[in-house]
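Novice: The amino acid sequence is not available; the structure is as follows:
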């Protein structure tokens with residue numbers, strides 16, 4: 001009996017040691033990974049953004065170089081385009097819906113997993129900043145319509161007229177025929193999405209848009225939807241989308257890309273898989289554009305789209321670079 005008890009105790013002890021050793025090794029991985037990210041062997045800080053918005057990426061990149069957080073950088077970066085009335089797909093001066101309403105959508109997400117979003121915002125050009133206030137000042141993730149505008153006013157945002165003279169003239173022309181047929185890489189050029197990694201290796205992302213030109217009143221696309229237009233996981237990486245929001249929402253594309261990176265795929269492989277899934281589930285895929293950009297914790301970048309013509313901008317070490325995306329067709 002003594003020998004039997006000895007064998008049982010020895011077996012249990014060995015198993016316990018094995019389990020504890022495995023658990024200890026697992027618990028050390030995040031710590032070890034973060035330590036590596038803080039070293040000079042990684043290309044941080046880093047900014048990438050959809051389309052060729054060099055002023056936005058430069059603003060974010062310079063802030064990161066000065067020691068700003070990734071969250072501050074993505075907000076300030078996309079605000080450049082929200083304020084540019086020459087950009088008819090983002091912020092003030094955005095094209096209206098079919099009833100003449102200029103409405104904005106935006107979201108933001110930080111390294112801790114917190115997120116904020118606004119949809120159908122009518123009176124504040126910096127939708128991304130209102131989204132950040134939703135994240136930081138309320139227990140909610142998303143506010144919509146009149147509630148979003150009221151909240152913006154309560155937070156001190158000045159009421160603005162978003163419908164500019166140029167947009168009004170374009171709208172009058174559209175009313176003559178009322179044709180709704182998105183033009184690839186023009187009509188779909190409706191979003192600036194940005195991902196940043198700061199000097200500490202922490203990620204944040206933002207996405208802001210006035211949506212499709214002459215959309216149905218009340219339409220909301222993927223841009224403000226966490227998991228579709230944007231997703232961040234600070235242990236893995238981040239992804240952001242642009243293009244036909246309906247197709248991107250149905251695939252929950254940004255979340256999919258981050259999960260694929262978690263499984264070991266590169267950002268490029270993950271973006272390609274996300275686009276392939278959209279193509280497989282949409283028989284009319286040749287009639288629209290959808291595109292993704294992604295970055296992992298190592299600072300590796302990927303991008304892919306359906307149609308030729310999409311590019312992204314990358315700011316690193318003081319250099320702004322417009323990078324053509326790979327594509328299927």
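Specialist: Received, thanks. Since we're looking at a predicted model, the values are computed, not measured. Numbering: from 1, shown residues only.

Novice: Give me the pLDDT for the nearest residue to residue 204 once chain neighbours are set aside.
Specialist: Closest residue to residue 204 apart from its sequence neighbours, by Cβ to Cβ, 6 or more residues apart in numbering: residue 70 at 3.7 Å. (Glycine included, C-beta is placed from N, CA and C.) pLDDT, residue 70: 98.

Novice: can you check residue 25 too?
Specialist: pLDDT, residue 25: 37.

Novice: before we move on, what about the one 10 residues further on?
Specialist: We have a pLDDT of 35 for residue 35.

Novice: Backbone dihedrals for residue 145, please?
Specialist: With angles defined as degrees, to the nearest 10, residue 145 sits at phi 50, psi -130.

Novice: number of nearby residues for it?
Specialist: Using other Cβ atoms under 10 Å, residue 145 has 14 neighbouring residues.

Novice: In contact with the nearest residue to it once chain neighbours are set aside, which residues?
Specialist: Of all residues not flanking residue 145 in the chain, residue 120 sits nearest, at 4.4 Å (Cβ to Cβ, 6+ apart). Applying Cβ atoms under 8 Å, 6 or more residues apart in numbering to residue 120 gives the contacts 103-105, 144-145, 148, 218, 220.

Novice: any idea how far residue 120 is from residue 255?
Specialist: 23 Å (Cβ to Cβ, to the nearest Å).

Novice: Show me the strands in the protein, by range?
Specialist: 46-50, 104-109, 115-121, 142-144, 192-197, 203-209, 230-233, 237-243, 290-296, 301-305, 311-316, 319-324, 326-327 (DSSP state E).

Novice: Now tabulate these in a markdown table and tack on mean pLDDT and distance to residue 162.
Specialist: Converted to a markdown table, these look like this (pLDDT from 0 to 100; distance: least, Cβ to Cβ, whole Å):
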| stretch | mean pLDDT | distance to residue 162 |
| --- | --- | --- |
| strand 46-50 | 98 | 21 |
| strand 104-109 | 98 | 7 |
| strand 115-121 | 98 | 9 |
| strand 142-144 | 98 | 16 |
| strand 192-197 | 98 | 16 |
| strand 203-209 | 98 | 13 |
| strand 230-233 | 98 | 22 |
| strand 237-243 | 97 | 20 |
| strand 290-296 | 97 | 25 |
| strand 301-305 | 98 | 28 |
| strand 311-316 | 97 | 25 |
| strand 319-324 | 97 | 28 |
| strand 326-327 | 98 | 32 |
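
Novice: Output these in TSV; the columns should cover distance to residue 93.
Specialist: TSV is the format used below for these (distance: least, Cβ to Cβ, whole Å):
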stretch	distance to residue 93
strand 46-50	18
strand 104-109	11
strand 115-121	14
strand 142-144	22
strand 192-197	14
strand 203-209	13
strand 230-233	23
strand 237-243	18
strand 290-296	23
strand 301-305	25
strand 311-316	20
strand 319-324	23
strand 326-327	29
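
Novice: Of those strands, which is nearest residue 169?
Specialist: Comparing these by their distance to residue 169 (Cβ to Cβ), the top pick is strand 104-109, with 20.1 Å.

Novice: distance between the closest one and the chain's centre?
Specialist: 9 Å (Cα atoms, centre = their mean, to the nearest Å).

Novice: Now do that strand and strand 115-121, the angle between them.
Specialist: If you take axes from the mean of the first three to the mean of the last three Cα atoms, to 10 degrees, strand 104-109 sits at 180 degrees to strand 115-121.

Novice: now the angle between strand 203-209 and strand 104-109, please.
Specialist: Put simply, strand 104-109 runs at 180 degrees to strand 203-209, going by the same axes, to 10 degrees.

Novice: Strand 104-109 to strand 192-197, inter-axis angle?
Specialist: Using the same axes, to 10 degrees, strand 104-109 lies at 10 degrees relative to strand 192-197.

Novice: name the helices or strands packed onto strand 104-109?
Specialist: The contact analysis (3 or more Cβ pairs under 8 Å, 6 or more residues apart in numbering; DSSP states H and E) places strand 104-109 against helix 70-82, strand 115-121, helix 127-137, strand 203-209, strand 230-233.

Novice: can you rerun that using 7 Å?
Specialist: Helices and strands touching strand 104-109, by 3 or more Cβ pairs under 7 Å, 6 or more residues apart in numbering; DSSP states H and E, are strand 115-121, helix 127-137, strand 203-209, strand 230-233.
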